[in-house]
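In: Build me a model from this:
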Amino acid sequence: MKAIIQRVLTASVTVGEEQVSSIGRGLCVLLGISVEDTQRDVDYIIRKILNLRLFEDENDKPWSKSVMDKEFEILCVSQFTLQCILKGNKPDFHSAMPAELAQPFYDNMLENMRSTYKPELIKNGKFGARMQVQIQNDGPVTIELNSPAGPVDPKQMSKLEKQQQRKEKTRVRGPSESGKEKSTLRSRQDANASSGAEGDVSSERES
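Out: All right, here's what the predicted structure looks like:
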């Protein structure tokens, strides 16, 4: 799961000519749900949203208070495009959870958040609708968040696999090269020993 968390002075969602939701000071959260997301991802993202210290305290010390500490509002907006993977210049959204599964998953996440925080302070967009989201970012402050269990970009996975393969080749090659060095050293020692022995025999013959 991916979340873009923005500290805002105000934020609102409009569908067509109707404003369906709005908040004052708090957080606007854009959420991208992956096909691989589970309750573990939900728990992680909710915990971070509610506990990130993005606000000042009573002495204006920054990064001291969370949205819960300040009792500010949260506006959540489902945004499947966060799960985009580029294929050249074309966005691909196969990593996003299909709408028929994502909507109950998203609704459940909102219920989980409301049960943890004050439900009247959790606002929502309109799932699946073409929305206009107005955000007055305060700072600006924007945090990109990925749940640990979220999917890995295939390109990044390919890079990691190649790095792992190189490491494995290095491990295999290392002992082999070490063996070659030892073999070469033994050959030199044997050659020296042989050369010394012939010298001794030669000396004995001369005497």
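
In: Surely E120 forms part of a helix?
Out: Yes - counting by DSSP: H, G, I helix; E, B strand; the rest coil, E120 is found in a helix.

In: All the helices of this protein, in order from the start?
Out: 39-51, 67-70, 99-116, 154-206 (DSSP state H).

In: just how off-centre is the shortest one within its chain?
Out: Average the C-alpha atoms of helix 67-70, do the same for its chain, and the two points are 25 Å apart (CA atoms, centre = their mean, to the nearest Å).

In: picking that back up, if you average pLDDT over each of the helices of the chain, which is lowest?
Out: The minimum mean pLDDT among the helices of the chain belongs to helix 154-206 (a mean of 52).

In: tell me, what residue is most central in the chain?
Out: Note on the chain: the residue nearest the mean C-alpha position is N146, at 4.1 Å, using CA atoms, centre = their mean.

In: Contacts only, for the closest residue to it other than its chain neighbours.
Out: Distances taken as CB to CB, 6 or more residues apart in numbering place K2 nearest to N146, at 5.5 Å, with adjacent residues excluded. The C-beta positions use only the backbone N, C-alpha and C, and glycine is treated the same way. By CB atoms under 8 Å, 6 or more residues apart in numbering, the contact set of K2 is 31-32, 34, 82-83, 144-147, 150.

In: Of those, which belong to strands?
Out: Here DSSP state E is the test, and the contacts of K2 give 31-32, 144-146 as lying in strands.

In: Those into CSV, with extra columns for pLDDT and distance to F55?
Out: Shown next, in CSV, are those (pLDDT from 0 to 100; distance: CB to CB, whole Å):
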residue, pLDDT, distance to F55
L31, 97, 21
G32, 96, 24
E144, 96, 18
L145, 95, 17
N146, 95, 22
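
In: Which ChimeraX command selects the buried ones in the residues you listed?
Out: Command for ChimeraX, covering only those of the ones in strands among the contacts of K2 found buried under the criterion 16 or more other CB atoms under 10 Å:
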select :31,32,145,146
